[in-house]
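Chemist: For reference, the sequence and a predicted model appear below.
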Amino acid sequence: MLLATSILFLFIIDNVWLQMLNAVFLAFASTQIGYLGHDAGHRQIFSGAHRNDVFGLGINFLLAISRTWWVDTHNEHHVDPNDLDYDPHTRLPIFVFSDEQALNKEGLPARIVGYQSFYFFPILLLEYLGARLASVQLLLAGEVKGKSWEALAMVLHFAVYFGLLFYALSWWHAVLFIVVHQSLQGLYMGSVFAPNHKGMPTFNP
């Protein structure tokens, strides 16, 4: 209903500033949809695994993020939460979670990790871009069950997303809408997930 409201607003309101507010609203709606994808990945919505997987493929289409990438990465996290060697969420190129990780960085990452508390929130603006790049990398590189369906869902998402925006708005208003929407949904999602993990104990093997 939130998504439908945003799309309807896109076509009936002819004011660029109100459309920027719509982009903020759509960022909220998109992230709420992402949380449903999270629950489907844990198979917590339907009683049968298959129905959760099909629902997750629908989220794959709505957000253009590979269901398999999300489930695999998130399950790895749950198997070894906050394990600095095995949790994928603690093996990030420009963030560190221990003195040892900081000392093992080289090049540009080694010079900037001391400032991660300052660039943490700006980096969250790129959260969805990173997730999509990782999704594409997985689908291109590995054997993924249902890979064709996931790739098709991502392509259809961008066709519909860009098609609706550039049809309803002038090209530069559409670009501005995309920047606001994409960056704020990353900021929102990261700002919800991060507080559940920051300050928790970390582990080594």
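Modeler: Yep, it's here.
Chemist: alpha carbons only for contacts and neighbour counts from here, please
Modeler: Noted.
Chemist: tell me which element the residue most central in space within the chain is part of?
Modeler: Residue closest to the mean C-alpha point of the chain, counted by CA atoms, centre = their mean, is residue 128 at 3.7 Å. Residue 128 is part of helix 127-141, with elements assigned from DSSP states H and E.
Chemist: after that helix, next one along is what?
Modeler: Stepping forward along the backbone from helix 127-141, the first helix or strand reached (DSSP H and E) is helix 147-168.
Chemist: okay, residue 59: pLDDT?
Modeler: According to the predicted model, the pLDDT of residue 59 comes to 95.
Chemist: how many neighbours does it have?
Modeler: One way to gauge burial is a neighbour count; for residue 59, by other CA atoms under 10 Å, it gives 24.
Chemist: ok, it touching residue 34?
Modeler: Yes - under the criterion of CA atoms under 8 Å, residue 59 makes contact with residue 34 at 7.1 Å.
Chemist: thinking again about what came up before, residues in contact with the closest residue in space to the residue nearest to the centre of the chain that isn't next to it in sequence?
Modeler: If you skip the residues right next to it in sequence, residue 128 has residue 186 as its closest partner in space, 5.3 Å away by CA to CA, 6 or more residues apart in numbering. Taking CA atoms under 8 Å, 6 or more residues apart in numbering, we find residue 186 in contact with 124-128.
Chemist: just residue 53 next, same as before
Modeler: Contacts were defined as CA under 8 Å, 6+ apart; by that measure residue 53 touches 40-41, 43.
Chemist: Throw those into TSV and include distance to residue 19 and neighbour count, thanks.
Modeler: As requested, the contacts of residue 53 are arranged in TSV below (distance: CA to CA, whole Å; neighbours: other CA atoms under 10 Å):
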residue	distance to residue 19	neighbour count
40	31	23
41	32	23
43	35	18
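Chemist: Buried ones in the helix or strand encompassing residue 50, by neighbour count?
Modeler: Residue 50 is part of helix 49-63 when elements are defined by DSSP H and E. For helix 49-63, the buried set under the neighbour-count rule, 16 or more other CA atoms under 10 Å, comprises 52-53, 55-63.
Chemist: of all the residues you listed, which comes closest to residue 180?
Modeler: The shortest distance between residue 180 and any of these, using CA to CA, involves residue 63 and amounts to 15.3 Å.
Chemist: Give me the local confidence score for the closest one.
Modeler: With respect to pLDDT, residue 63 has a value of 95.
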